[in-house]
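J.: Here is a sequence together with a model predicted from it:
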Amino acid sequence: MKKKILFVINTLGRAGAEMAMLELIRRLPEEEYDISLYVVLGQGELVRELPEHVKVLNRTYQDTSVLSENGRRHIVKTVIRSFFHNGKWFQKLFHMAVVAHEMRKKGKLQMDKLLWRMLSDGGEYPKEAYDLAVAYLEGGATYFTADHVIAKRKAAFVHIDYVNAGYSRKMDKDCYAGYDRIFAVSEEARTSFVNVYPEWEDKTGVFHNIINRERILELAGQQGGFSDSFDGIRLLTVGRLTHQKAYDIAIEAMKKIKDAGYKVRWYVLGEGNRREFLERQIKNLGLERDFKLLGAVDNPYPYYKQCDIYVHATRFEGKSIAVQEAQVMGCTIVASDCNGNREQIQNNVDGLLCGLSAEGISESIISLIENEEKRKQLGDAAAGKRLDNLQEMKMLLDLLE
């Protein structure tokens with residue numbers, strides 16, 4: 001008989017963790033595994049790319065991006081519905097109050113983390129039992145799988161720097177006690193998680209993101225990419241417009257590069273809740289023609305292929321799919337020296353690591369603008385990195401034995 005596996009994820013938008021999960025699912029033979037999927041928010045455009053044999057458990061599903069205007073309206077409806085669904089109103093309110101108080105003491109209120117427990121408790125609990133349940137993201141998916149899924153074995157994935165991302169034991173309510181294995185996507189992500197949960201060190205391992213090199217190269221050869229006639233140095237960043245991705249600092253760095261007289265244009269593929277803030281900053285610095293927010297695209301790979309330098313200057317990471325994709329494409333990479341990035345890039349060998357400041361970013365970029373030979377050397381080294389990680393699937397499937 002086929003083994004029954006359930007994957008649970010927060011959303012199914014076009015982001016790194018979601019795409020890594022999709023690739024993992026594609027690698028599971030249909031003849032051996034009966035695959036189901038539950039999406040906590042019940043929306044996301046990547047549902048269109050799921051293999052046909054995957055069963056989506058959500059009774060209603062919205063295939064629009066959580067970052068679009070229509071998607072944001074749908075999220076509001078989902079939040080309201082989740083509050084009333086399954087009762088427990090007082091418990092939901094009490095937990096949100098406790099978490100909100102903790103966040104205020106730290107000086108930062110994060111709405112997604114404030115709502116994940118309520119969205120989990122107000123979800124559609126599956127009636128079926130599974131051989132393996134996989135919570136593929138921290139937060140809502142992890143809470144839902146721990147509390148509301150019946151399975152012989154359970155595994156949870158951690159894709160972020162747990163401390164810097166804002167999670168805490170009080171928020172989690174000891175949900176990890178019910179997991180047989182915990183997989184962090186990098187050594188640094190594992191270290192950050194174990195610093196919060198030292199008692200689960202023995203069952204916490206590293207499971208690197210799975211990507212499909214052949215598919216990326218194939219998609220890079222399709223039509224698309226830059227549509228302007230700019231003939232200078234093209235910089236590219238792929239990622240959501242969020243505080244984590246530090247676009248505010250990147251824009252300041254771009255101002256320094258332009259003021260130094262270099263013919264450069266910086267393009268960003270991604271959407272997010274910081275767009276209006278970033279657009280104001282771009283306008284205030286007079287960079288409307290130089291720093292382009294192109295929005296999310298279905299196929300970013302022609303852009304990777306056509307850019308001169310890929311820049312990933314983020315505040316923190318778990319392990320970036322975008323950096324892995326840039327390496328597959330042989331891009332010259334500049335990245336901030338932070339958790340996650342420094343595990344993927346060997347400084348001055350297959351990329352440059354820089355300080356997360358306008359000065360640090362701009363100086364690293366300018367050094368590569370002025371040295372074409374160095375750009376080629378770093379790009380060739382990036383393309384030569386081994387990134388498939390297929391052997392790590394055995395760690396997950398061993399839980400079925």
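T.: Okay, I see it.

J.: Now the element after the helix or strand where residue 367 lies, going C-ward?
T.: Secondary structure from DSSP states H and E places residue 367 in helix 358-369. For helix 358-369, the following helix or strand on the C-terminal side (DSSP H and E) is helix 372-383.

J.: Show me what that next one is packed up against.
T.: Identification of packing neighbours for helix 372-383 by 3 or more CB pairs under 8 Å, 6 or more residues apart in numbering; DSSP states H and E yields helix 321-328, helix 358-369. Using the backbone N, CA and C atoms, a C-beta is placed for each residue, glycine as well.

J.: To residue 334, which of the ones you listed lies closest?
T.: Nearest to residue 334, of all these, is helix 358-369, at 4.8 Å by CB to CB.

J.: ok so, going back, figure out which of the helices and strands packed on helix 372-383 is closest to residue 221.
T.: Minimum separation from residue 221 across the helices and strands packed on helix 372-383 (CB to CB) falls at helix 321-328, 12.8 Å.

J.: list the helices and strands the following helix or strand past that closest one packs on?
T.: As assigned by DSSP H and E, the chain's next helix or strand after helix 321-328 is strand 333-336. The contact analysis (3+ CB pairs under 8 Å, 6+ apart) places strand 333-336 against strand 309-312, helix 321-328, strand 352-354, helix 358-369.

J.: Can you classify the closest residue to residue 246 other than its chain neighbours by secondary structure?
T.: The shortest distance from residue 246 to any non-neighbouring residue, by CB to CB, 6 or more residues apart in numbering, is to residue 315 (5.0 Å). At residue 315, secondary structure determined by DSSP: H, G, I helix; E, B strand; the rest coil is coil.

J.: count of residues packed around residue 315?
T.: Residue 315 has 17 neighbouring residues, counting by other CB atoms under 10 Å.

J.: got the contact list for it?
T.: Residues in contact with residue 315 (CB atoms under 8 Å, 6 or more residues apart in numbering) are 164, 243-246, 336, 338, 356.

J.: Looking at those residues, which one is closest to residue 302?
T.: Nearest to residue 302 among these: residue 245, at 21.4 Å, using CB to CB.

J.: Surely that closest one touches residue 269?
T.: No: assessed by CB atoms under 8 Å, residue 245 is found out of contact with residue 269, at 11.5 Å.

J.: Could you check which of those two has the larger neighbour count?
T.: Taking neighbours as other CB under 10 Å, residue 245 and residue 269 compare with residue 245 leading, 26 against 21.

J.: Can you find the helix or strand in this structure with the smallest mean pLDDT?
T.: helix 89-106 (a mean of 81; mean pLDDT, DSSP states H and E).

J.: now the angle between helix 89-106 and the very next helix or strand once past that one, please.
T.: Using DSSP H and E, the helix or strand that follows helix 89-106 in sequence is helix 111-121. With axes from the mean of the first three to the mean of the last three CA atoms, to 10 degrees defining the directions, helix 111-121 sits at 160 degrees from helix 89-106.

J.: Return helix 111-121 as CSV; C-alpha atoms alone will do.
T.: Output in CSV follows, covering the C-alpha atoms of helix 111-121 (Å, rounded to 0.1, in the frame of the first residue of the first chain):
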residue,chain,number,x,y,z
MET,A,111,0.9,40.6,12.7
ASP,A,112,1.6,37.2,11.0
LYS,A,113,3.2,35.7,14.1
LEU,A,114,0.5,37.2,16.3
LEU,A,115,-2.2,35.5,14.2
TRP,A,116,-0.7,32.1,13.4
ARG,A,117,-2.0,30.3,16.5
MET,A,118,-5.5,31.6,15.9
LEU,A,119,-5.4,30.7,12.2
SER,A,120,-4.2,27.2,13.2
ASP,A,121,-6.9,26.6,15.8
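
J.: Which secondary structure elements does it sit against?
T.: The contact analysis (3+ CB pairs under 8 Å, 6+ apart) places helix 111-121 against helix 69-84, helix 89-106, helix 140-148, helix 169-172.

J.: So which of those helices is the most surrounded?
T.: Ranked by mean neighbour count under mean count of other CB atoms under 10 Å, the helices and strands packed on helix 111-121 are led by helix 140-148, which reaches a mean of 24.

J.: And that helix, how far out from the chain middle?
T.: Centre-to-centre, helix 140-148 and its host chain are 19 Å apart (CA atoms, centre = their mean, to the nearest Å).

J.: Give me the contacts around that helix.
T.: 6, 8-10, 38, 40-41, 115-117, 119-121, 123, 125-126, 133-135, 151, 154, 156, 172-173, 175-176, 178-179.

J.: Give me the below-cutoff pLDDT ranges for this protein.
T.: Applying pLDDT under 70 to the chain flags the ranges 387-390.

J.: so where's the longest strand in it?
T.: strand 150-158 (DSSP state E).

J.: Any buried residues in that one, and which?
T.: Within strand 150-158, the residues scored as buried using 16 or more other CB atoms under 10 Å are 151, 153-158.

J.: residues in contact with residue 256?
T.: Shown in contact with residue 256 (CB under 8 Å, 6+ apart): 358-359, 362.

J.: can we see that at 6 Å?
T.: 358, 362 (CB atoms under 6 Å, 6 or more residues apart in numbering).

J.: Quick check: which element contains it?
T.: Going by DSSP H and E, residue 256 is part of helix 247-259.
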